[in-house]
Every structure is written in structure tokens, then in C-alpha cells.
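>>> Sequence first, then the predicted structure:
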Amino acid sequence: MARTAILDIDGTLVDTNYQHAVAWYRAFRQNEIVLPVWRIHRHIGMGGDQLISALTDDETEDEKGDEIRAAEKALYMAMIEEVEPMDGARDLIARLKDAGWSVVLASSAKEDEVEHYLDLLDARELADDWTTSADVEATKPAPDLVQAAIDKAGAGPDDAVMLGDTPWDCEAAGRAGVETVTLMTGGFSEQELREAGAVAVFESIPDLLDGIADTPLA
């Protein structure tokens with residue numbers, strides 16, 4: 001059985017984290033909640049079903065959660081045409097495939113967002129499979145997304161490696177029993193990523209490609 005590379009999409013393969021941070025800021029503000037953007041950024045990578053209560057409280061989630069999420073979705077989609085692939089993203093997928101890996105692209109975004117990213121990456125015929133929000137009950141840091149990717153590959157956790165860009169990726173993968181290699185493209189430091197459980201940290205995809213022989217993705 002081929003080993004499985006689970007590649008996070010948002011912030012790892014496509015440059016979306018800061019657009020999401022601004023969209024969440026505006027969505028909260030539309031609901032009369034003003035939060036510093038830096039605090040919101042610290043939670044990007046956590047799923048929207050958990051982010052609101054993490055940034056505010058359970059009462060806000062109960063009273064306004066659905067409305068804030070709907071606003072964020074619309075605000076982000078208004079910016080999605082600004083999103084670009086990370087340098088080297090498609091090359092990474094191709095290199096892993098050439099090396100015999102099964103590649104699953106991992107996202108808990110809605111299907112229309114994931115479809116947009118697949119087009120940006122020109123990855124439909126390259127990746128073995130991908131996930132969307134329909135595949136998970138709870139988002140990161142819950143392990144559902146990583147487990148869904150493992151299931152799609154027909155693999156086990158010992159045969160999989162996660163590539164992500166946030167501590168939430170590391171936590172989700174760790175809870176699924178999967179090692180994580182990380183990039184600093186999400187705006188988190190090497191120390192933060194290592195403390196979250198990353199076994200290797202690179203500044204960017206080109207840096208990872210240069211040093212991939214020394215990682216679990218070798």
C-alpha cells in the first residue's frame with residue numbers, strides 16, 4: 001500500500017489565511033462584535049464551528065454563531081478571486097505522486113471553495129482524492145478531517161503524514177495518530193508549530209522541496 005500524504009489546502013497550498021482573518025473580522029463587526037484582527041488570525045485554521053466560541057463565548061455562539069458564519073462565508077467569497085496558490089504547490093503534489101505517495105488534499109471548506117482551489121492548483125487529475133465540509137462532523141482541532149482523508153486513501157494512521165500550516169493542523173493530526181510536517185505560510189512561528197507537535201518546519205514549499213529528504217515525506 002502506498003503511503004498517504006494528507007496536504008492541508010487553506011494556508012498550505014493556497015494563500016488564504018489573511019483573507020479569512022479579514023472576513024471574520026468584518027463578519028463579527030457586522031454583528032456588533034469588534035475583535036482585534038491579530039486575535040482572529042491566531043484562530044485561523046480552527047474550523048468555523050469552533051472559532052466563534054473560542055474567540056468570544058458559548059452564549060455568542062448560541063445567539064449569533066450561524067449569522068456570523070454566514071456573513072464570513074459571503075465576505076470571504078467576495079475576496080476569493082484574490083487567492084493565489086502558494087509557490088511550488090502543484091510541484092509538491094506532482095513530486096509526491098512521482099515518489100509513489102497517495103495524495104489527499106484536506107479541507108473542511110464548503111464544496112464550492114474546494115472546487116475553486118482545485119482549479120487554482122490544476123490538481124483534479126493529480127491528487128488521488130480530497131475532502132470537503134461534507135466529510136466531517138467537527139472541524140480542526142478535532143481529528144475528523146485527518147481521519148476522513150485517511151479513510152479516503154484506504155490507509156491507516158501509521159501510513160500517513162500530514163502537511164499543514166497551523167497548530168490546529170498539528171493537533172488534529174496528532175489526535176488521529178498522524179505525524180505533521182508544517183510550513184510557516186500560515187503566519188505561525190517555528191517554535192509555535194514545534195510546540196504543537198510538528199516534526200519538521202519549513203518556511204515555504206520550495207524550502208520543503210529542498211529538504212524533503214530529511215522529513216517523513218521523503
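In hand now; what should we look at?

>>> okay, CA-based contacts and neighbour counts for the rest of this
Fine.

>>> so how many other residues sit close to residue 57?
A count of neighbours around residue 57, defined by other C-alpha atoms under 10 Å, yields 11.

>>> and the residue of the chain most remote from its centre, which of the three is it?
Within the chain, the residue lying farthest from the chain centre (C-alpha atoms, centre = their mean) is residue 32, at 28.0 Å. The three-state label given to residue 32 by DSSP: H, G, I helix; E, B strand; the rest coil is coil.

>>> helices or strands up against the longest helix anywhere in the chain?
Longest helix of the chain, by residue count under DSSP state H: helix 58-77. With contacts taken as 3 or more C-alpha pairs under 8 Å, 6 or more residues apart in numbering; DSSP states H and E, helix 58-77 sits against helix 17-30, helix 48-55.

>>> That one: which residues count as buried?
61, 65, 68-69, 71-73, 75-77 (16 or more other C-alpha atoms under 10 Å).

>>> Now residue 196. Nearest residue, chain neighbours left out?
Distance criterion C-alpha to C-alpha, 6 or more residues apart in numbering; nearest residue to residue 196, sequence neighbours excluded, is residue 167 at 5.3 Å.

>>> brain fart, residue 139
That would be residue 47: by C-alpha to C-alpha, 6+ apart, it lies 4.8 Å from residue 139.

>>> which stretches of this protein form strands?
Taking DSSP state E as the criterion, the chain carries its strands at 4-8, 102-106, 129-130, 160-164, 179-183, 200-202.

>>> average pLDDT across the first one?
Confidence over strand 4-8, taken as the mean pLDDT, stands at 97.

>>> roughly how far is it from the heart of the chain?
Mean C-alpha position of strand 4-8 versus that of the full chain (C-alpha atoms, centre = their mean, to the nearest Å) differs by 10 Å.

>>> ok, back up a step: need the strands of the chain in a markdown table with distance to residue 93 and mean neighbour count, can you?
Output for the strands of the chain, formatted as a markdown table (distance: least, C-alpha to C-alpha, whole Å; neighbours: other C-alpha atoms under 10 Å):
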| stretch | distance to residue 93 | mean neighbour count |
| --- | --- | --- |
| strand 4-8 | 9 | 27 |
| strand 102-106 | 7 | 25 |
| strand 129-130 | 12 | 21 |
| strand 160-164 | 11 | 27 |
| strand 179-183 | 15 | 27 |
| strand 200-202 | 16 | 20 |
